[in-house]
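> how does the following fold in three dimensions:
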Amino acid sequence: VQLQASGGGLVQAGDSLRLSCAVSGLTFGTDVMGWFRQAPGKERQFVSAISWSGSSTTYADSVKGRFTISRDNAKNTVYLQMNSLKPDDTAVYYCAVKRYGVYSYWGQGTLVTVSS
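Residues are numbered from 1 along each chain as shown. A predicted model of the protein is given here:
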C-alpha cells in the first residue's frame, strides 16, 4: 500500500493550497480517508476525514470553515483544499487510510509553510 501526498509549499497568510493524496495497492473507495498534520515540536493532530462515499466529512475546529476534504474514487485520490491559510497551519500534512477503526496506512507527508 502506498500513499503519495503532494501539493505542499511555501505560501503567505491568506493564500490557498490544495493537497492531494494518491493511493495505490488497496481497493480505494471502501475506506475512510483522513488528513493529519504535525507542526515542529508538536504531536500529530487530526485535521479532517471523509467517508468512503464522500457523503460524510469531519473537521478539526481549527480548520472548520477554511479547509475542505474531498475524494475522487475513480482516481484513487483524496484532496484537502486549504483556504485562508494561517501561520499556525504550518506543518507536515499526512494522509492516511482507516481500516478496522484504525488509521493503518500513512503517506510520507507534504510540508506546508505559511508565512505571516
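> which residue is nearest the centroid of this structure?
Trp35 (3.0 Å; Cα atoms, centre = their mean).
> what sits against that one?
By Cβ atoms under 8 Å, 6 or more residues apart in numbering, the contact set of Trp35 is Leu19, Cys21, Val47, Ser48, Ala49, Ile69, Val78, Leu80, Tyr93, Tyr94, Cys95, Ala96. C-beta: built from backbone N, CA, C; applies to glycine.
> and for the third one, the neighbour number?
The reference is to Val47. As a burial measure, Val47 scores 24 neighbours (other Cβ atoms under 10 Å).
> and it, what pLDDT?
What the model reports as pLDDT for Val47 is 98.
> picking that back up, mind listing which of the contacts of Trp35 are in strands?
If you go by DSSP state E, these have Leu19, Cys21, Val47, Ser48, Ala49, Ile69, Val78, Leu80, Tyr93, Tyr94, Cys95, Ala96 in strands.
> any idea how far Ser24 is from Gln81?
The gap separating Gln81 from Ser24 is 22 Å, by Cβ to Cβ, to the nearest Å.
> the more surrounded of these two?
Set Gln81 next to Ser24 and count neighbours by other Cβ under 10 Å: Gln81 wins out with 14 against 10.
> next one: stretch 77-93 to chain centre, how far?
Offset of stretch 77-93 from its chain centre (Cα atoms, centre = their mean, to the nearest Å): 8 Å.
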